[in-house]
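**Q** The sequence isn't on hand, but the structure is:
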Ligand code: PHE
């Protein structure tokens, strides 16, 4: 309503007069808020109803201290009024006044020769005027004061300068005494009545921001996962079906030559299922060959030399790595005439770990593998450089490591520019012959593979340093709504 009144006043004024010389004076004369008048002028100027010119003025505003004195009077007058006609001891006067009022008031009142300062304080004049208060009030009300008073108030830090901004306004090329409301929609009624001919339509604003979307928001982990999927697909990898969180110990451990007494197979490290506690079906002839290798060796392996138990292999668990799925895929591949393959997966795994700022009991693994005749460690190193450089990690180092299912095995380190040091980012290796040959893969087929967590790169990309801020019940939904898109690699 205030805006409409201002608009009416401005356009109406310009109907008979050449110019509004000063929007500030205009606002004051019409009882309007100046900031509202400014908004209306800007809008009218934008639609060229008016031409507006900036004007600037140096003005003075009260400081906090100045505001206080404008309210309750200057300290010198407060002090003067506190001195009774017969005088007062310094000590007593000090008691009656605020310390700052006493300090400033006695200095000023002494200078003005209003009082005699000493052990005993007495009046030297009958009556005083509070000129400071009057001047401050005038400034507060936007009235001018003389230059000497300005200087004095400024010296006492009761006023400070401020640039006042306003406009002078003239009629513009589209001037009309009343603004035509531009139509935003063409309605059926407009067409029926024929008034569409006279309507003025609002122009499109192509740089307007859309309303924030009310729909779902993609979690950062899923954004990074999508980018990694794109990279794998770009590199010619096929996605493995990882839609089973429950896995048997056989596929998760035994087929990967994790011996049955391996600490990772302890319930402290792995979540076992109560119901159904065991798997119903395993490939029996393959299982026989796996058992033999565990017990006696074979395929150039010495085996572990222990009594392998079927019951242990049957136990259901929440998979501890997606390598369980890779193993199933390689087994399936071995059942058909050999074809080279490049596979990847990105999905959830579970470990019974103590939760801290970098660990949760579940996380996501990214896994890639290539299966072809005659692959070498050089191929693995090459593909790792290719893959990691696409996610912005081009400085890599490798460290020999141990996995029951790969030989050689390498931990992967990347140089983190932000931290200025090498950080471990993944694990890799060439699957062992005693793992691949019992599946029935041809002798010269080699499988190179690597794995890493999805959380690590996501936390680095989004600058999150506590995993619980990324995943789980403590995640701030506002953060999920606001965090930016992710772009990696060549897409
Ligand atoms: N399974 C390994 C892990 O959980 C990752 C890995 C995958 C290592 C493939 C070598 C080959 O850390």
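**A** In hand now; what should we look at? Since the model is a prediction, treat every value here as computed from it, not as a measurement.

**Q** Below-threshold pLDDT in the chain: ranges please.
**A** Within the chain, the ranges that satisfy pLDDT under 70 run 490-491.

**Q** what's the helix or strand for residue 276?
**A** Per DSSP states H and E: residue 276 is located in neither a helix nor a strand.

**Q** That one is in contact with residue 315, isn't it?
**A** No - the pair residue 276 / residue 315 is not scored as a contact, 10.3 Å apart, by Cβ atoms under 8 Å. Any C-beta I mention is one placed from the backbone N, CA and C, and that applies to glycine too.

**Q** the more surrounded of the two?
**A** Using other Cβ atoms under 10 Å, the more surrounded residue of residue 276 and residue 315 is residue 315, with 20 against 9.

**Q** From residue 245, how far off is that one?
**A** Per Cβ to Cβ, to the nearest Å, residue 315 is found 15 Å from residue 245.

**Q** try residue 139
**A** Between residue 139 and residue 245 the computed distance is 73 Å (Cβ to Cβ).

**Q** of these two, who's got more company?
**A** A direct count of neighbours by other Cβ under 10 Å for residue 139 and residue 245 places residue 139 higher, at 22 against 14.

**Q** ok, now which ones touch residue 317?
**A** 246, 247, 248, 249, 252, 270, 271, 272, 273 (Cβ atoms under 8 Å, 6 or more residues apart in numbering).

**Q** Going along the chain, name the strands of the stretch 101-250 of the chain.
**A** Per DSSP state E, counting those that start in this stretch, the stretch 101-250 of the chain carries strands over the ranges 115-116, 120-123, 159-171, 238-239, 246-248.

**Q** my guess is residue 341 meets residue 371, correct?
**A** Yes - counting by Cβ under 8 Å, residue 371 is a contact partner of residue 341 at 4.8 Å.

**Q** pretty sure residue 408 belongs to a helix, no?
**A** No - counting by DSSP: H, G, I helix; E, B strand; the rest coil, residue 408 is located in no helix; its state is strand.

**Q** burial count for it?
**A** By other Cβ under 10 Å, 15 other residues sit near residue 408.

**Q** Excluding covalently adjacent residues, which one is nearest to the residue in the chain sticking out farthest from the centre?
**A** The C-alpha centroid of the chain is most remote from residue 86, which lies 70.2 Å away (Cα atoms, centre = their mean). Among residues not flanking residue 86 along the chain, residue 122 sits closest, at 7.8 Å (Cβ to Cβ, 6 or more residues apart in numbering).

**Q** Kindly state the beta-bridge partners for the one you found.
**A** Beta bridges link residue 122 to residue 116 when assigned by DSSP bridges.

**Q** Burial check on it, number of neighbours?
**A** When counting by other Cβ under 10 Å, one arrives at 14 neighbours for residue 122.

**Q** Over to residue 190?
**A** So residue 190, with other Cβ under 10 Å, has 15 neighbours.

**Q** quick one: which helix or strand includes the residue of the chain found nearest the ligand?
**A** Using Cβ to the nearest ligand atom, residue 451 is the residue of the chain that sits closest to the ligand, at 2.8 Å. Per DSSP H and E: residue 451 is located in strand 445-453.

**Q** No more questions from me, cheers.
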